[in-house]
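S.K.: Please work out how this folds:
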Amino acid sequence: MKHSTHPTALVAEDEAALRGELIEHIGRLWPELTIVGEASDGIQALRLLDELRPDVLFLDIQMPGATGLEVARQASGRSRVVFVTAYDEHAVAAFDHGAVDYLLKPLQPARLFTAIGRRKERLGETPSDIGAVLDRLAALPAGAPSRPHLRWINASVGQTLKLITVDEVVYFAADNKYTRVATREGEALIRKPLKELVEELDPQQFWQIHRSTLVNATAIAGATRDFRGRLQVKLKERSETLLVAESYAHLFKQM
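M.R.: From the prediction side, this is the model:
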């Protein structure tokens, strides 16, 4: 496998608008990456894969001509794969194995940022054989609807029960037997543990930055190091900062 200071990528997506949007975001988040080819169907993707031998392959799972899974089998051991999919079932199965990554439709830059960080970390390694991952993906129902993400919560504010939409939440923090919900206006408590929230919230919107903290990506103003070298998240509409565990620091490498 070649090692280059300028890695290359192939983007295979049959929706022209989404393909253009993806390429635009990749250019901003990974300027060192050169997009050497675009494919609008699986057959073209297979041809360009052999011709261009890209380091990274951004690949729609469902394409005409040949499916993304069929293309990925040919890329196994040759390119690092990032799947583009509308189905959570596909995404979770791929992500759990680590050898491939995923983007959900509609595209979210925050999730792309995470996927790029993971692919960068593996550039010095030989691409993995992902045959076992693809077998598991192929066994999933092709048209299975994605499970809806949590959209609101019932939280206690003193003696009052309040309905809060997740878009209002700045961050969630584990607090003994409860989870503290911080919004722009104040705080509340819920009994649902953070571990369950991680599984129910949209991972493109809520980033886990510590074992005890989930932050709304849209509420982040920036990230800085304190005098001890610890990474801290600054918030747009709250004065406190949030500690980032080193295992999640890759989320902020471009900030």
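S.K.: Can you name the residues in contact with stretch 212-220?
M.R.: Stretch 212-220 is contacted from outside by 110, 166-167, 169-174, 194, 197-198, 201, 204-209, 233-238, 242-243, using Cβ atoms under 8 Å, 6 or more residues apart in numbering. Yep, even glycine has a C-beta here, placed from its N, CA and C like the rest.
S.K.: Kindly give a single PyMOL line that selects the buried subset of the residues you listed.
M.R.: The PyMOL command for the buried members of these (criterion: 16 or more other Cβ atoms under 10 Å) is given here:
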select buried, resi 110+166+169+170+171+172+173+174+194+197+201+204+205+206+207+208+209+233+234+235+238+242
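S.K.: Next, work out how far apart the nearest residue to residue 206 once chain neighbours are set aside and residue 118 are.
M.R.: Distance criterion Cβ to Cβ, 6 or more residues apart in numbering; nearest residue to residue 206, sequence neighbours excluded, is residue 214 at 4.8 Å. Relative to residue 118, residue 214 is positioned 19 Å away (Cβ to Cβ, to the nearest Å).
S.K.: who has more neighbours, these two?
M.R.: residue 214 (22 against 15; other Cβ atoms under 10 Å).
S.K.: quick one: low-confidence parts of the stretch 51-200 of the chain?
M.R.: Applying pLDDT under 70 to the stretch 51-200 of the chain flags the ranges 87-98, 140-148.
S.K.: just the helices in this protein please.
M.R.: 16-29, 42-52, 68-75, 88-97, 109-121, 131-138, 194-200 (DSSP state H).
S.K.: would you turn those helices into JSON lines with distance to residue 35?
M.R.: Putting the helices of the chain into JSON lines (distance: least, Cβ to Cβ, whole Å) gives the following:
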{"stretch": "helix 16-29", "distance to residue 35": "6"}
{"stretch": "helix 42-52", "distance to residue 35": "10"}
{"stretch": "helix 68-75", "distance to residue 35": "16"}
{"stretch": "helix 88-97", "distance to residue 35": "22"}
{"stretch": "helix 109-121", "distance to residue 35": "13"}
{"stretch": "helix 131-138", "distance to residue 35": "24"}
{"stretch": "helix 194-200", "distance to residue 35": "33"}
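S.K.: now, of these, which is deepest in the fold?
M.R.: Mean neighbours per residue, mean count of other Cβ atoms under 10 Å, is largest over the helices of the chain for helix 68-75, with a mean of 22.
S.K.: packing partners for that helix?
M.R.: Counting contacts by 3 or more Cβ pairs under 8 Å, 6 or more residues apart in numbering; DSSP states H and E, helix 68-75 packs against helix 42-52, strand 56-60, strand 80-85, helix 131-138.
S.K.: how far off helix 42-52 does that helix point, in degrees?
M.R.: Here helix 68-75 points in a direction 20 degrees away from that of helix 42-52 (axes from the mean of the first three to the mean of the last three Cα atoms, to 10 degrees).
S.K.: which residues are contacting helix 68-75?
M.R.: By Cβ under 8 Å, 6+ apart, the surrounding residues in contact with helix 68-75 are 12, 42, 45-46, 49-50, 57, 59-63, 81, 83-85, 100, 127, 130-131, 134, 137-138.
S.K.: Would you mind listing the residues in contact with the residue lying closest to residue 222 once chain neighbours are set aside?
M.R.: Nearest non-adjacent residue to residue 222, counting by Cβ to Cβ, 6+ apart: residue 234, 4.9 Å away. Residues in contact with residue 234 (Cβ under 8 Å, 6+ apart) are 220, 221, 222, 223, 224, 241.
S.K.: List the buried residues for stretch 152-172?
M.R.: Buried, per 16+ other Cβ under 10 Å, within stretch 152-172: 153, 155, 164, 166, 168, 169, 170, 171, 172.
S.K.: ok, the nearest residue to residue 230 once chain neighbours are set aside to residue 134 distance?
M.R.: Take residue 230 and drop its neighbours on the chain: the residue closest to it by Cβ to Cβ, 6+ apart is residue 243, 6.2 Å away. Using Cβ to Cβ, residue 243 is found at 38 Å from residue 134.
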